[in-house]
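Trainee: test case, fold it:
(2 chains)
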Amino acid sequence: MTGHKPLGRRGFLGGLIGAGVAGPLAAGVAASDAASASDSAQPASYPFHGAHQQGILTPVQRNASVVAFDVTAANRDEVQALLRTITERARFLTAGGSPAEVGITAPPADSGLLGPRVPADGLTVTASVGASLFDDRFGLASAKPARLRRMDDFPNDALDRAQCDGDLLLQLCAHNTDAVLHALRDITRATRGAMQVRWRKDGFVSPPRPSGTPRNLLGFKDGTSSPATASAKAADALVWTQAGANGPGANGTGGNGAGANGPGGNAARGDEPEWVTGGSYHVVRIIRMFVEFWDRVSLHEQENMIGRRRDSGAPQTATNEFDDPHYENDPTGDVIQMDAHIRLANPRTPESKNQQMLRRGYNYDAGVDANGNLDMGLIFSCFNQDLDRQFVAVQKRLADEPLVDYVSPVGGGYFFALPGARSSSDWLGRGLLS
Amino acid sequence: MSSVGKFALIWGAIALFAAAALTLQLSIRQLSIRQMPAQQASGQTRVTAGPDNCGEGWTKPSAGIQRFSVKNTSITGMEVYLQNVASKAVYFDIEGFGAGATESARAVLGGGSYRFVCLPADGNAAFGSTVTISGTGAIANLTPGVVPVTRNDLIPAAKAYGDWILSRLPVLIADTHTLNTDVTAGNLDAAKRDWLTAHTEYETLGAAYGAFGDADSEINGMPASGRTAIDDPDLTGFHKIEALLYGGAPAATIAPYTTGLVDAVTRLRNEFPDVRIDPLDIGLRAHEILENALQFELTGRADAGSGSTLATIDANITGTIQALAPLRGILATRYPQIAQTDAWIARSRKLVESFRSPAGTWTPLDGLTRADREKLNATISQTVEELAPVAAICDVRRTS
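Mentor: Residues are numbered from 1 along each chain as shown, chains lettered A, B, ... in the order given. Prediction:
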């Protein structure tokens, strides 16, 4: 049975209200995608092999677990074995099928959570690497993606470093929670000696209430304004990182193919290593929301902080969710405050256009705080061609926005989503490790 | 009661429950034996399993995955194997199979001759006709078959293991005597060293917890829920003494407990020869000792102030090696990953002992860096993954 309602294409743009940065044209394209896709059911499975990993452009599934690991492997060969095992398990789990029959020689090969035959349930397994993997343990320092580093501590952050960073990140998404947990148990069991969970957050995407973009736990539609990535060209410009230089001018002149850049870096052509092509900078931010406090704030103040109507999701200057806010008609912030979240995040200027990022966030609900307040919020997650040009630039602009009193980033990390595994003999991280 | 004591109790309870359930099931099934077979899922081969029709229905074998729907047509409980005729290796075993019940079973088979074996609860084995799968190319993910392990196979292993424990008990008694002597004399620094020696000696015997019964809770019990080792009035043994010694209690307060410990281990030695190591348990011990270490030691729960968690785990690794030793002959032909298992045990030992100083002191658990602790958790966890099949392989099965 399929209890979940199909989400519109827009669902996969679900993320922090915050960092949305779409040009008017992009928003229009996305809106028409949403209308056409909302009628079709969620696919049972997504193909594992390809130039890029799934779980990035893939329409957002309803449930997710975001799990950071520290690698405990003893050497580079064991890291390679680890990534091969992750690939092998992901290949099986995302396709579904019958688990191995081990007879009387061992405990069952499968946990049984999904019954005797494992359904794919729309599972995607997205593997990303963190900066610490490139320290002195495995001799990978020279292969580090150029922008990858320990997550920045932004002015309004309250980071618990125990819940930050990590050598590897797995983003597991599926239509149902049991399929997510089944995948987590399968993969951790197969890799027990080679990595350990460092931190973990489980999330969900709400159904549209009543329509349009799903709401976050502040009650606002979250992810309305996002880049269209339906065209390969748009995704190539904003999501996928390539060897050498990235960004304006990097593509237009001379078809920047792989091999343009030596290991020593080349300022003129950019500095990303060879293997990164087809991957993406993956930012995760665990953003606690002080929901009790928020619920004590008047609607007017809430909407002014966001810049949108809570009911419809429309910009305060417009009528419908996907309407353009037309800041040019409100240049001094009489209607949408100059420090409203959507205005800072996406000023919709020509300069901000290539700062758009692909958001793919999930709400989280994780128990209770020591003061009796509910621990819930947002697993902000986004994919960027260039970490600094996109996420970091936008995040800096959001510093000290009024919303910071109600939300608090406590964890997360910067990662780099590996290029895809292209065939049954390929494996995630092959370009990095072999 | 210690955790491992509880483990044994739980296993016992499960066994009792299973037996009760089977009895109940039998009486119900006998009433409804004539019911029609359940609707079969497509792609399954229907096979009967009774004293006179064992394996009937498997007429079109082919290499690759075999999906069976097996019906116990008899009036008793049954155990049903799929067996390789030549090697006697078994590919699946339907156990606790009630009269009239239908079970599904799967195996991935290559070329060879096979048959069903039906073992009624109250009768002799019945053998099905031989079914031959002719020569095939490579089949992926073949189900590994092993020759079942019988109670008779395990009796010598259980005896050898029991003998080893018996040989260590005098050492343990001597260790606790030394501890008691130093405590009584007020030499509390020496007593701390004595405590560690005695406790790690006891922890090497870990596999014997089930056989020690109540003696274990007296010797090595943990505080009750909501209590600590210091304030639990009913707690005795190593952890009570540990809490007092490391909490700065005067010798006179500690002495009754160290005297009690000597008495308890002496009683254990006197009673142990009458307490057999159950052959059913020996296979379980191989991974349960370290499962327990993972749950109670690596979480820091068992430590009552000595910071000797890693010494305990080191002793538990010794205990695991000892529990595995008498099973090696059985495993040699049945567990291809035994060398890999040994490698992980050795890796665990090396890592744990890297936290022991040349002076013999151990880094407390909370003195480890996060990276070290993760490595420790990973290594012990991988080791129990490797050990888990030992219990499955050494699960006692009937062959006749």
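Trainee: from now on I want contacts and neighbour counts done on CA atoms only, so please keep to that.
Mentor: Will do.
Trainee: and the host helix or strand of B:Ile289, average pLDDT?
Mentor: The secondary structure element spanning B:Ile289 is helix B:279-292 (assigned by DSSP states H and E). Per-region confidence: helix B:279-292 scores 90 on mean pLDDT.
Trainee: and if you look at stretch B:200-219?
Mentor: Taken as a whole, stretch B:200-219 has an average pLDDT of 81.
Trainee: quick one: the helices in the stretch 151-300 of chain A?
Mentor: With DSSP state H, counting those that start in this stretch as the definition, the stretch 151-300 of chain A shows helices at residue ranges A:177-190, A:232-238, A:291-294, A:299-306.
Trainee: next, format the ones you listed as a markdown table and append mean pLDDT.
Mentor: What follows is the helices of the stretch 151-300 of chain A, written out as a markdown table (pLDDT from 0 to 100):
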| stretch | mean pLDDT |
| --- | --- |
| helix A:177-190 | 98 |
| helix A:232-238 | 91 |
| helix A:291-294 | 98 |
| helix A:299-306 | 98 |
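Trainee: show me how far stretch A:319-328 is from its chain's centre.
Mentor: Counting by CA atoms, centre = their mean, to the nearest Å, stretch A:319-328 is centred 26 Å from the centre of its parent chain.
Trainee: what parts of chain A come near chain B?
Mentor: By CA under 8 Å from any CA of the partner chain, the residues of chain A that approach chain B are A:70, A:72, A:100-107, A:189, A:192-196.
Trainee: which residues touch the residue nearest the centre of chain B?
Mentor: The centre of chain B sits closest to B:Leu284, judged by CA atoms, centre = their mean, with a distance of 1.6 Å. By CA atoms under 8 Å, 6 or more residues apart in numbering or on different chains, the residues touching B:Leu284 are B:390-391, B:394.
Trainee: where does the stretch 101-250 of chain A have low pLDDT?
Mentor: Low-confidence regions of the stretch 101-250 of chain A, defined here as pLDDT under 70, cover residues A:248-250.
Trainee: still on that earlier bit, got a winner among the contacts of B:Leu284 for most neighbours?
Mentor: Comparing the contacts of B:Leu284 by number of neighbours (other CA atoms under 10 Å in any protein chain shown), B:Val390 comes first, having 29 neighbours.
Trainee: in chain A, where's the longest helix?
Mentor: Using DSSP state H to assign secondary structure, the helix with the most residues in chain A is helix A:76-95.
Trainee: if we can go back for a sec, which of the contacts of B:Leu284 fall within helices?
Mentor: Among the contacts of B:Leu284, the ones falling in helices (DSSP H) are B:390-391.
Trainee: phi, psi for A:Val129 please.
Mentor: Comment: the main-chain dihedrals of A:Val129 come out as phi -110, psi 150, following degrees, to the nearest 10.
Trainee: now it, nearest residue through space, not along the chain?
Mentor: A:Leu168 (4.5 Å; CA to CA, 6 or more residues apart in numbering or on different chains).
Trainee: thought that neighbour was touching A:Phe69?
Mentor: Yes. Between A:Leu168 and A:Phe69 there is a contact under CA atoms under 8 Å: 5.1 Å.
Trainee: returning to what we had before: touching the longest helix of chain A from outside, list them.
Mentor: Residues from elsewhere that reach helix A:76-95, judged by CA under 8 Å, 6+ apart: A:45-48, A:71, A:73, A:118-125, A:138-139, A:183, A:186-187, A:190-191, A:194, A:421, A:427-430, A:433.
Trainee: could you check the angle helix A:177-190 makes with that helix?
Mentor: Here helix A:76-95 runs at 150 degrees with respect to helix A:177-190, directions being taken by axes from the mean of the first three to the mean of the last three CA atoms, to 10 degrees.
Trainee: buried ones in helix A:76-95?
Mentor: Using 16 or more other CA atoms under 10 Å in any protein chain shown as the burial criterion, the residues of helix A:76-95 that qualify are A:78-80, A:82-95.
Trainee: quick one, phi psi at the residue lying farthest from the centre of chain A?
Mentor: Each residue of chain A has a distance to the centre, and by CA atoms, centre = their mean the biggest one is for A:Ile104: 41.7 Å. With angles defined as degrees, to the nearest 10, A:Ile104 shows backbone torsions of phi -100, psi 20.
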